[in-house]
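Undergrad: Turn this into a model:
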Amino acid sequence: MIENIIWVALGLLVIASIIPRNNKFKLPFTGTGWMLFSVHWVLQWSHYYEVGDYVNVALTVLAAVFCVFIGFILIRRDKSLLGDINGISTVSSIFMMTTAASIGGLSYFAFAEIPEMNTWIISTVANQTVWLGSVFGVTITRLDWNLIAVNGYRVEIILACTAIESIALFIGIIASASAPFKRIALAFLVSVPVIYGLNLIRNVFVVDAYGMTWFGDPETSFYIAHTVIAKAGSLVALFGIAYAVLKLLPEIIDMIDGIMNLVKGVFRHAC
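TA: Numbering: from 1, shown residues only. Take a look at the predicted model:
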């Protein structure tokens, strides 16, 4: 049961997103969904701790605390917090965030947890990385469904190499916005296909830099290409894409403002 907690949590969040706002079950379903979502994040930190990824340890703990925070407020039906603060409805922001989490979560965990879909997306990205390499004049050899090589140096394509995390995040946030279809479609076009295409370019760059030892020995070349240059480039690209999406869908800014007001309200009550 504990291994399937993410599906139970997402199922509740999906149901909560569909239930009409005036339904008496909406708040408890939403709150319970967020509480169970926190359990998933609690179970992740030990894995990152074992591999020495302390940044993700901190992020998973913060995610768990945030989910408990949201779930607790909803289950308690705290009217002092679930109202309008500075002209922005905090409960509307929570419901919008719930929709974003349910859609984004399903988009990501379908590929992370279902073996057939995991294999499909990794294999597809590996194929398209080889193809794009040929377009750029880079000879990339396909060794297996998840293995490619340049100059005899092998690279394994894993789920993180598909950019599905960022894609799922944008899909969820964009789909949650109450906006005309034209603006939602434009926001999708300037984000999801762009992220996917840039990620393929990133893959070609990293494997070529590694295989051709651009920055010294293979290990150093991989580290500089993947961890330094590619990550920095990804952050800049995601910032630009997020800016474009927010310009097209200012409703997302209202959601963020609502959540921030909710957090501030909790601290005011605590003091």
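Undergrad: Average pLDDT for stretch 165-176, rounded please.
TA: For stretch 165-176, the mean pLDDT works out to 95.
Undergrad: what sits up against that stretch?
TA: With CB atoms under 8 Å, 6 or more residues apart in numbering as the contact definition, stretch 165-176 has outside contacts at 96-97, 99-105, 107-108, 184, 187-188, 191-192, 195-196, 238, 241, 245, 249, 252, 255. For the C-beta atoms, the positions are set from N, CA and C on the backbone; glycine is no exception.
Undergrad: hey, C-alpha coordinates of the strand or helix carrying Ile195 in CSV?
TA: Using DSSP states H and E, Ile195 maps to helix 192-211. What follows is helix 192-211, C-alpha atoms only, in CSV (Å, rounded to 0.1, in the frame of the first residue of the first chain):
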residue,chain,number,x,y,z
VAL,A,192,6.4,22.3,-23.6
PRO,A,193,7.7,21.9,-27.1
VAL,A,194,10.5,24.4,-26.5
ILE,A,195,11.6,22.5,-23.3
TYR,A,196,11.6,19.2,-25.1
GLY,A,197,13.6,20.5,-28.1
LEU,A,198,16.1,22.3,-25.9
ASN,A,199,16.6,19.2,-23.8
LEU,A,200,17.5,17.2,-26.9
ILE,A,201,20.1,19.8,-27.8
ARG,A,202,21.4,19.6,-24.3
ASN,A,203,21.7,15.8,-24.6
VAL,A,204,23.6,16.1,-27.8
PHE,A,205,26.0,18.7,-26.3
VAL,A,206,26.7,16.6,-23.2
VAL,A,207,27.4,13.3,-24.9
ASP,A,208,29.5,15.0,-27.6
ALA,A,209,31.5,16.9,-25.0
TYR,A,210,32.0,13.7,-23.0
GLY,A,211,32.9,11.5,-25.9
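Undergrad: Pull out the buried positions in that helix.
TA: 192, 194-196, 198-211 (16 or more other CB atoms under 10 Å).
Undergrad: same thing with stretch 249-263?
TA: For stretch 249-263, by 16+ other CB under 10 Å, it's Leu249, Glu251, Ile252, Asp254, Met255, Asp257, Gly258, Ile259, Asn261, Leu262.
Undergrad: where do the strands sit along the stretch 1-150 of the chain?
TA: Secondary structure of the stretch 1-150 of the chain by DSSP state E, counting those that start in this stretch: the strands cover 84-85, 88-89, 141-144, 147-150.
Undergrad: okay, the third one in CSV with CA atoms only?
TA: Provided in CSV are the C-alpha atoms of strand 141-144 (Å, rounded to 0.1, in the frame of the first residue of the first chain):
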residue,chain,number,x,y,z
THR,A,141,25.9,5.4,-31.8
ARG,A,142,22.8,3.6,-30.4
LEU,A,143,23.9,0.7,-28.2
ASP,A,144,20.6,-0.2,-26.5
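Undergrad: list the helices and strands that strand packs on?
TA: Packing contacts for strand 141-144, counted by 3 or more CB pairs under 8 Å, 6 or more residues apart in numbering; DSSP states H and E, involve helix 115-135, strand 147-150.
Undergrad: if we go to 7 Å?
TA: Applying 3 or more CB pairs under 7 Å, 6 or more residues apart in numbering; DSSP states H and E, we find strand 141-144 packed against strand 147-150.
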